[in-house]
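Participant: Quick one: sequence and predicted model below, then my questions.
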Amino acid sequence: MYTDTFTLFAELHIPVEEIRLGGGGARGKLWRQIQADIYGQPVQLLEAEEGGAFGAALLAGTGIGAWPSVEAACAATVRIAETIPPVHAPEMEIAYKEYRKIYPALREIGRA
């Protein structure tokens with residue numbers, strides 16, 4: 001299952017190996033499940049809830065030499081709290097195909 005972004009990644013031969021969720025939008029259990037179902041693959045919930053602030057701290061730490069690179073900072077600190085498997089991916093795939101059929105008409109309506 002792909003959303004439009006994942007379709008683009010596939011066309012460009014960019015593999016999506018993991019999908020990680022963080023921040024306010026990842027707090028809702030239902031929303032996390034919906035995302036796993038839409039993507040058709042497991043999503044990983046990060047332990048750090050404030051993604052922006054956490055990322056800024058990692059960049060600052062790298063800047064002062066606490067880690068040799070951003071990649072090293074992430075490897076040392078980023079933790080997965082939970083992995084959510086897809087449950088309703090086949091139904092979402094069917095719905096996505098229908099959406100793709102009607103999208104051109106919806107786009108035209110939006111321009112009117």
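Facilitator: Noted; the coordinates are in hand. Since the model is a prediction, treat every value here as computed from it, not as a measurement.

Participant: Any idea how many residues pack against residue 92?
Facilitator: Residues lying near residue 92 (other CB atoms under 10 Å) number 20. The way it works is simple: take the backbone N, C-alpha and C, and place the C-beta from them, glycine included.

Participant: How about residue 101?
Facilitator: Residue 101: 9 neighbours (other CB under 10 Å).

Participant: quick one: secondary structure of it?
Facilitator: Under the three-state scheme (DSSP: H, G, I helix; E, B strand; the rest coil), residue 101 adopts helix.

Participant: tell me, what residue is most central in this structure?
Facilitator: In the chain, the residue lying closest to the centroid (CA atoms, centre = their mean) is residue 19, at 4.5 Å.

Participant: What segments of the chain are strands?
Facilitator: For the chain, the strands defined by DSSP state E cover 20-21, 43-46, 80-84.

Participant: Worst mean pLDDT among these?
Facilitator: Per-stretch mean pLDDT for these is lowest at strand 20-21 (a mean of 92).

Participant: For it, name the packing helices and strands.
Facilitator: If you count contacts as 3 or more CB pairs under 8 Å, 6 or more residues apart in numbering; DSSP states H and E, strand 20-21 packs onto strand 43-46.
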